[in-house]
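Engineer: please find the sequence and the predicted model below.
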Amino acid sequence: MKIIADRNKCAGHARCAAVSEELFQLDDCGYIAFEARTVPAGLEELARRGVRACPERALRIVIDEPDDEATP
Ligand code: F3S
């Protein structure tokens, strides 16, 4: 799972970072600091909540390969 951020849409509301500062890192000006990042295992629900919290719809979730089902 990845979070994709459209930095052109980000208006610096920081609601994503209020859900998780770890997942939604902001730059020094308070805007989202990345364009894409992988969601660590176990933080998927937090990622979804942060994405939903953005009023500008600058964030979205992309499901990539089914890592979650990998067995050790
Ligand atoms: Fe930007 Fe939306 Fe977060 S406007 S700072 S991506 S809540």
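Structural biologist: Nice, thanks for sending it over. Please read all numbers here as calculations on a predicted model, not as lab measurements.

Engineer: switch to C-alpha atoms for all contacts and neighbour counts from now on
Structural biologist: Noted.

Engineer: would you say Ile61 is within a strand?
Structural biologist: Yes. Under DSSP: H, G, I helix; E, B strand; the rest coil, Ile61 falls within a strand.

Engineer: gap between it and Cys29?
Structural biologist: Using C-alpha to C-alpha, to the nearest Å, Ile61 is found at 24 Å from Cys29.

Engineer: give me the more crowded residue out of these two.
Structural biologist: When Ile61 and Cys29 are compared for neighbours, Ile61 comes out ahead with 19 against 8, by other C-alpha atoms under 10 Å.

Engineer: wait, that one touches Asp6, no?
Structural biologist: No. With contacts counted by C-alpha atoms under 8 Å, Ile61 stays clear of Asp6, the gap being 11.6 Å.

Engineer: contact partners for Cys14?
Structural biologist: Just so we're on the same page, residue 14 is Ala rather than Cys. 26, 30-32, 54 (C-alpha atoms under 8 Å, 6 or more residues apart in numbering).

Engineer: can you rerun that using 10 Å?
Structural biologist: Ala14 makes contacts with 20-21, 24-26, 30-32, 50, 53-55, as judged by C-alpha atoms under 10 Å, 6 or more residues apart in numbering.

Engineer: now stretch 45-64: buried residues?
Structural biologist: 47-48, 50-54, 58-61 (16 or more other C-alpha atoms under 10 Å).

Engineer: ignore what I typed, I meant stretch 35-44.
Structural biologist: 38-39, 44.

Engineer: right, is that stretch up against the ligand?
Structural biologist: No. For stretch 35-44, no contact with the ligand is found by C-alpha under 6 Å from any ligand atom; the gap never falls below 10.3 Å.
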